[in-house]
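Participant: model the following, please.
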Amino acid sequence: MAKRINKPEQLPEWFNLERYEALLSLSVADFIMQMDFRVWAKDPETIKENLIHIADNALAPVAFEGDSGEWKDGVCDLTVGNYASPLSNFHLCLYDAAARKKGAYGEKAEQSASRQFVIEGITLDKAQAFKSVPRPMVDRLPVSLNLEDATDEQIVDELRNLLPLWRKQTNTPEPKPERERAGFSILTRLVEYQAISMMDLMLWEQAEDVRITNELMARVLFPDHSRGGQHIAQTNRPFVAEMMKGDQHEGLLLALEKEPHYYDWTISDFMKWKE
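Facilitator: Got it, this is the predicted structure:
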């Protein structure tokens, strides 16, 4: 059973709510990047083994090392178009080799992973090397576009036909459109609920196998007493937990893709506009 944390002095030394005030001066894009760090650090084992408390940087999250995503097993054959095609093991190996030759990864870049990747790529049957791709991360697929030989309209038309095929072949259904509509309200709640600072505390809970009481969480996150323990239990904590799963996070990104100019706004300006 997780140890109960109910006193401020039991909280980690690095936590100071005033440090998070700097988030308001960040652009929306940088604010989302800060949240991304926390979303990808949700694996309990990774947290337990690689937790690093950073006390000096006002915006640095609790940092973690390790894989940032989940890969599906095996390879899958995806339909290739005339102007748009998934990047295969073969192509990715070529790009990786070219990047290393140009010094893109620095002098001390790790070589073993790349060598293994190349070996996996060249052992594919020649006919399959240009078709077979690593099963993509949960929602990402690297694609090559022939910008030189195709017009924008040709590429868009081809993608419109290929996307349903790729979704079927990778077993990745299209997300529901209602997730998009909630995007801006999600960003507003992230700020109003002190979500990023709460994420850090919840990640610390997982790493140390402890549980901060809702009353203490309300006290340290909302010193103006605008929210109490009941608010934390019924609203804030469930919302932040959902954000850390990545589900509502996608809804936020979908909304911003429709209105990309908001990426350059500061969080402070965005909140004033929402008022």
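
Participant: where in the stretch 51-200 of the chain is pLDDT low?
Facilitator: Counting by pLDDT under 70, the ranges of the stretch 51-200 of the chain that qualify are 51-76, 88-93, 104-139, 175-183.

Participant: can you rerun that using 90?
Facilitator: Along the stretch 51-200 of the chain, segments meeting pLDDT under 90 span 51-144, 165-187, 200.

Participant: what's the pLDDT at the residue nearest to residue 31 when sequence neighbours are not counted?
Facilitator: Spatially, and ignoring its direct neighbours in sequence, residue 31 is nearest to residue 267 (5.2 Å; C-beta to C-beta, 6 or more residues apart in numbering). Glycine gets a C-beta too; all of them are placed from N, C-alpha and C. With respect to pLDDT, residue 267 has a value of 92.

Participant: right, and residue 267 touches residue 24 too?
Facilitator: Yes. Between residue 267 and residue 24 there is a contact under C-beta atoms under 8 Å: 5.0 Å.

Participant: so what's in contact with these two at the same time?
Facilitator: Shared contacts of residue 267 and residue 24 (C-beta atoms under 8 Å, 6 or more residues apart in numbering): residue 191.

Participant: out of these two, which sits in the busier spot?
Facilitator: The neighbour count for residue 267 versus residue 24, taken as other C-beta atoms under 10 Å, is higher for residue 267 (19 against 14).

Participant: now the more buried one: how far from residue 231?
Facilitator: Residue 267 is 22 Å from residue 231, where distance means C-beta to C-beta, to the nearest Å.

Participant: ok, the residue nearest to residue 217 when sequence neighbours are not counted - contacts?
Facilitator: In space, and not counting its chain neighbours, residue 217 is closest to residue 232: 4.8 Å by C-beta to C-beta, 6+ apart. Contacts for residue 232 (C-beta under 8 Å, 6+ apart) come out as 214, 215, 217, 218, 221.
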